[in-house]
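>>> One predicted model, sequence on top.
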Amino acid sequence: MTVGQVDGVTSARRGRRIGVFGGTFDPPHIGHLVAAIDAHQVLGLDVVLLVVANAPWQKLGERSISPAADRLAMVEAAVAGRLGLEVSDVEIRRGGLSYTADTLTALLAEEPDAELFVILGNDAAAGFATWERHEEVAEMATLVVVDRPGTPTPIDDGFSWIRIDIPELEISSTELRQRVVDGRSVEYLTPPGVVAYLRERDLYS
Ligand code: NAP
């Protein structure tokens, strides 16, 4: 990745550089946070928004998803006090199924000069072509994949991507939920505020 590539893709806009890191965040964990922080630093972003999905339509039916209000509260706890990372409830306020194209449209309506960067992990990036109106997403934002070590994600969809290498943190929301089910601690895998919240709300147990 070079800064030249970034500027080449987004030369039309000159406002804040905003990273859009969307997720179900059920629950958020240090893998999410390290990806967001690395994207913030490497791309020189003003802010990375962790956008909490209201209804992640590709996951509906697979398992029960925690209420959006709980997932939002956990992400707020996860980033509390960390400059450069903010939580967005734009998809929750909009309600219904969460399509990133709608989210980017809403963000640009609020801040027309903003340069948007959609940040995705390997698996999410590999599935990008299945997204609703993904061509619109690619028009409104620069696409960024945070690449874990190993084989790079094959992305052959005709769009240009920026790749940022991040450390391998073999951790997933699925694993955290399973640990709670098994009565094992999730401390140090997610910030203390998240641990406290999911205990208080008795999530996943
Ligand atoms: P998630 O499971 O909560 O993950 C959020 C992001 O964190 C993903 O990009 C994920 O990449 C990444 N991640 C997870 N564990 C990681 C780790 N250990 N290290 C580094 N990165 C890690 O959220 P999701 O349900 O996949 O949703 C991702 C976003 O895609 C959401 O904003 C969703 O709305 C959007 N989406 C949009 C559409 C559409 O039609 N517009 C369709 C599908 C998804 P990995 O996937 O690689 O784990």
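That came through, no problem. Numbers count the residues shown, from 1 in each chain.
>>> Tell me where the model's unsure across this structure.
1-13, 151-153, 156 (pLDDT under 70).
>>> Tell me the residues of it that contact the ligand?
Proximity of the chain to the ligand (Cβ under 6 Å from any ligand atom) is limited to residues 22-25, 31-32, 35, 51, 53, 56, 58-59, 98-101, 120-124, 131-132, 146, 148, 169, 171-173. Quick note: C-beta positions are derived from backbone N, CA and C, even for glycine.
>>> Give me the subset of the residues you listed lying in strands.
Within the residues of the chain next to the ligand, residues falling in strands by DSSP state E are 22-23, 51, 120-121, 146.
>>> quick check, distance from stretch 79-86 to the centre of its chain.
14 Å (Cα atoms, centre = their mean, to the nearest Å).
>>> Which residue of the protein lies farthest from its centroid?
For the chain, the largest distance from the centre (Cα atoms, centre = their mean) belongs to residue 183, which lies 27.4 Å off.
>>> Can you tell me how far that residue is from residue 195?
14 Å (Cβ to Cβ, to the nearest Å).
>>> Also residue 64?
From residue 64 to residue 195 the distance is 21 Å (Cβ to Cβ).
>>> Of those two, which one has the most company?
It is residue 195, of residue 64 and residue 195, that has more neighbours when counted by other Cβ atoms under 10 Å, with 20 against 8.
>>> got a list of what that one touches?
185-187 (Cβ atoms under 8 Å, 6 or more residues apart in numbering).
>>> Tell me if residue 143 really is in a strand.
Yes: under DSSP: H, G, I helix; E, B strand; the rest coil, residue 143 falls within a strand.
>>> so how many other residues sit close to it?
Close neighbours of residue 143, defined as other Cβ under 10 Å, add up to 21.
>>> How about it, nearest residue that isn't a chain neighbour?
Counting by Cβ to Cβ, 6 or more residues apart in numbering, residue 161 is the residue found nearest to residue 143 once chain neighbours are left out, at 4.8 Å.
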